[in-house]
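Colleague: model the following, please.
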Amino acid sequence: MRYLPILVLLLASPPAFAAGEPIIDMHFHAWPRAADGPPDDPGNLAAMETALAQLREYNVVLAATSGPTAFIDRWAQEEPDRLMVGPIFPCIDGLNPNWHQYRCFDSGEDFPDLAWLEEKYASGAYELMGELTNQYAGVAFDDPRMDPYYALAERLAIPVAFHTHAGPPLTASRCCPDFRISLGDPMSIEKVLVKFPKLRVYIMHANPLVYPAVLDLLVQYPKVYVDVSQFQRILIREKFHRLLKEFKDAGLLGRVMLGVDGDDYGSALEAYRSAPFLNERELRGIFCENAARFLRRPELCALASS
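Modeller: All right, here's what the predicted structure looks like:
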């Protein structure tokens, strides 16, 4: 009987996720984290090196990376195989919605030149579209100005990342006057999915506690995947676990992908590991295999440390 407390503790403990197992982060950003100025500013270089060192430390074998083009281009020079990069748009007066001192594109426009963007994808320099920041720019997902980009992504099989839900407090008054919470409803993507049925879509910040119909959207459109960043940080642990449980109870946990969105990897991963209802197979899915399936790159989840 003296061993019973230890046995109970072992049975109650969440499954361990072995150190060094591969991770795919579907929500990573290349942008200034320490100082204004260009990517090669000493402060920005130091921030880049710190961020990339964390990817290597936690064996993040691939990070879906968006940001101002100058930054994604510079960061990709350092880790071309580890970073899958794509541009953020639509922009606001040509400037990045999140870091509005930086131009999104050399053209100064809010949308990338279509021929330029296609060349970037054709060359392999870019492999992702988004994070799409329509909500910040006040542009509906089904705005006709978006159609040429969806058509391009559909034709080239480029994954498209949609920012949904909301933003930091007072977003409309602090940075983005056309920002509206209503434009972040994930159900507003449905018209896009109908018009572009082969589009490879994943929904960022998917939260069924606020938008329960997102579960119906996933059932109706089986190719759509989600990340649930940054709820692992901004919600209390019990509520974040309730969010994950909604996906599990709906049988949709296999389409939840890890998105860290600038959070510390140690604390982010622990938020998932501490969920008592997630088993080792499900954790492995969230941390790597679900994203590898979405990206059609199953080799990424090989156990070899990199």
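Colleague: strands of this structure, residue ranges please.
Modeller: All strands of the chain, identified by DSSP state E, fall at 23-29, 60-67, 83-87, 129-132, 160-163, 201-204, 225-227, 256-257.
Colleague: let me have these in TSV, extended by mean pLDDT, distance to F179 and mean neighbour count.
Modeller: (Each C-beta comes from the backbone N, C-alpha and C, glycine too.) Compiled in TSV, those are given as follows (pLDDT from 0 to 100; distance: least, C-beta to C-beta, whole Å; neighbours: other C-beta atoms under 10 Å):
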stretch	mean pLDDT	distance to F179	mean neighbour count
strand 23-29	98	18	26
strand 60-67	97	18	26
strand 83-87	98	19	24
strand 129-132	97	14	26
strand 160-163	98	11	24
strand 201-204	98	16	24
strand 225-227	98	21	26
strand 256-257	98	25	26
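Colleague: for the protein, what are the low-confidence residue spans?
Modeller: Applying pLDDT under 70 to the chain flags the ranges 1-19, 303-306.
Colleague: the helices in it, which residues?
Modeller: With DSSP state H as the definition, the chain shows helices at residue ranges 4-12, 42-57, 69-78, 114-123, 134-137, 147-156, 171-174, 190-195, 213-220, 231-234, 237-249, 265-273, 280-284, 290-295.
Colleague: next one: the fifth one to chain centre, how far?
Modeller: Right, the one you point to is helix 134-137. Relative to its parent chain, helix 134-137 has a centroid offset of 16 Å by C-alpha atoms, centre = their mean, to the nearest Å.
Colleague: what helices or strands is that helix leaning on?
Modeller: For helix 134-137, the contact count by 3 or more C-beta pairs under 8 Å, 6 or more residues apart in numbering; DSSP states H and E identifies strand 160-163 as packing neighbours.
Colleague: let's see the strand it packs on as PDB, backbone CA atoms only.
Modeller: Taking only C-alpha atoms (Å, rounded to 0.1, in the frame of the first residue of the first chain), the coordinates of strand 160-163 have been written out as PDB:
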ATOM      1  CA  VAL A 160      -2.900  30.600 -46.600                       C
ATOM      2  CA  ALA A 161      -3.000  31.700 -42.900                       C
ATOM      3  CA  PHE A 162      -6.000  33.800 -41.800                       C
ATOM      4  CA  HIS A 163      -5.800  36.000 -38.700                       C
END
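Colleague: a markdown table please, covering the strands of the chain and showing distance to A140.
Modeller: Written out in a markdown table, the entries for the strands of the chain read as follows (distance: least, C-beta to C-beta, whole Å):
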| stretch | distance to A140 |
| --- | --- |
| strand 23-29 | 22 |
| strand 60-67 | 20 |
| strand 83-87 | 19 |
| strand 129-132 | 11 |
| strand 160-163 | 12 |
| strand 201-204 | 15 |
| strand 225-227 | 20 |
| strand 256-257 | 25 |
